[in-house]
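A.B. asks: Return a 3D structure for these sequence lines:
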Amino acid sequence: MAKDQEAAEAAAAAEAAGGATAPNAGTREYRAEELAEEAGITVRTLRFYRERKLLPEPRREGRIAWYNAHHLARLRTIAALLDRGHTLGGIAELIGAFEAGRDVGELLGLEGGTAAHWSEETPVRLTPEELADYFAGDVTPENLAASLALGYVAVDGDEVVHVSRRLLDASSELVGQGVPLASVLAAAREVRAHADELAGLFTGLVRTHVLPASPDVAAVVERLRPIAKGVIDAELSMAMDRRIRSELGSLPKDSTNGATGQ
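C.D. replies: Below is the predicted model of the structure:
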């Protein structure tokens with residue numbers, strides 16, 4: 001009885017301070033009025049967002065709805081995307097695409113683990129609005145679904161995790177140069193397919209000729225990673241030279257000058 005009374009007194013004190021503590025979580029919770037004030041919107045707007053399924057359901061305690069930091073972060077994301085010109089319908093589709101995507105553990109290969117990792121990529125954490133800023137408003141539900149399918153992005157709570165800083169920057173630069181994000185992602189699918197084939201060639205060589213004499217996979221990876229990367233870089237550089245000479249070399253001079261910014 002004493003413990004129950006202490007818990008009730010703690011809950012009352014938290015509510016008097018402007019919120020409550022979620023059961024077994026120790027996180028701040030808000031009534032509808034408190035959440036709306038914290039997010040800078042009206043209670044009517046909050047209810048409208050709930051009706052449009054833009055917010056997850058709150059925790060119910062009798063007739064009282066309790067919201068938490070996840071709801072507050074979602075409201076701030078909605079406000080930021082609205083400021084960037086997205087419609088509520090478009091935001092709802094983006095949220096649906098995010099929630100249908102793979103989680104971050106699956107994206108980064110954190111479940112199950114492996115003895116050695118070849119990739120040296122650095123993941124990047126972004127808010128949904130920061131992701132939209134990277135691509136100049138070109139983040140649509142279709143493009144987001146394509147990114148999720150490619151494994152470029154995943155959802156971790158209220159954040160988005162992009163699997164590679166280099167790929168994120170390269171995609172953003174291409175969009176900045178005028179290439180539509182949909183075209184960038186279509187090209188990425190083809191690059192992925194060719195990269196998988198190249199990886200198959202290298203792993204086949206390693207499995208057949210290297211591992212029988214050196215079964216330490218981690219050591220083999222460390223030795224062969226720079227060799228494989230050097231081969232791919234050299235071959236791609238020479239292939240680009242051939243393509244540029246054959247496809248751009250025949251263009252009129254004013255076209256080539258325009259391409260080089262002269």
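A.B. asks: And the strands in the stretch 51-200 of the chain, which stretches?
C.D. replies: 59-61, 64-68, 124-126, 153-156, 159-162 (DSSP state E, counting those that start in this stretch).
A.B. asks: Of all those, which one comes closest to Gly90?
C.D. replies: Gly90 sits nearest to strand 159-162 of all these, at 16.3 Å, using C-beta to C-beta. Every residue, glycine included, has its C-beta placed from N, CA and C.
A.B. asks: any idea which of the strands of the stretch 51-200 of the chain scores lowest on pLDDT?
C.D. replies: Here the lowest mean pLDDT among the strands of the stretch 51-200 of the chain goes to strand 153-156, at a mean of 82.
A.B. asks: Now do that strand: which elements does it pack against?
C.D. replies: helix 104-107, helix 141-150, strand 159-162 (3 or more C-beta pairs under 8 Å, 6 or more residues apart in numbering; DSSP states H and E).
A.B. asks: For the last one, give me every contacting residue.
C.D. replies: To tie it back to what came earlier, the one meant is strand 159-162. Defining contact as C-beta atoms under 8 Å, 6 or more residues apart in numbering, one finds that strand 159-162 is touched by 98, 104, 107-108, 123-128, 130-131, 152-155, 168.
A.B. asks: Now list the buried members of the residues you listed.
C.D. replies: Using 16 or more other C-beta atoms under 10 Å as the burial test, the contacts of strand 159-162 include 98, 104, 107-108, 123-124, 126-128, 131, 152-155, 168 as buried.
A.B. asks: just curious, which of those residues is nearest to Ser237?
C.D. replies: When the buried ones among the contacts of strand 159-162 are compared for distance to Ser237 (C-beta to C-beta), Leu168 wins out at 22.8 Å.
A.B. asks: what's the closest one in contact with, if anything?
C.D. replies: By C-beta under 8 Å, 6+ apart, the residues touching Leu168 are Val124, Tyr134, Tyr152, His162.
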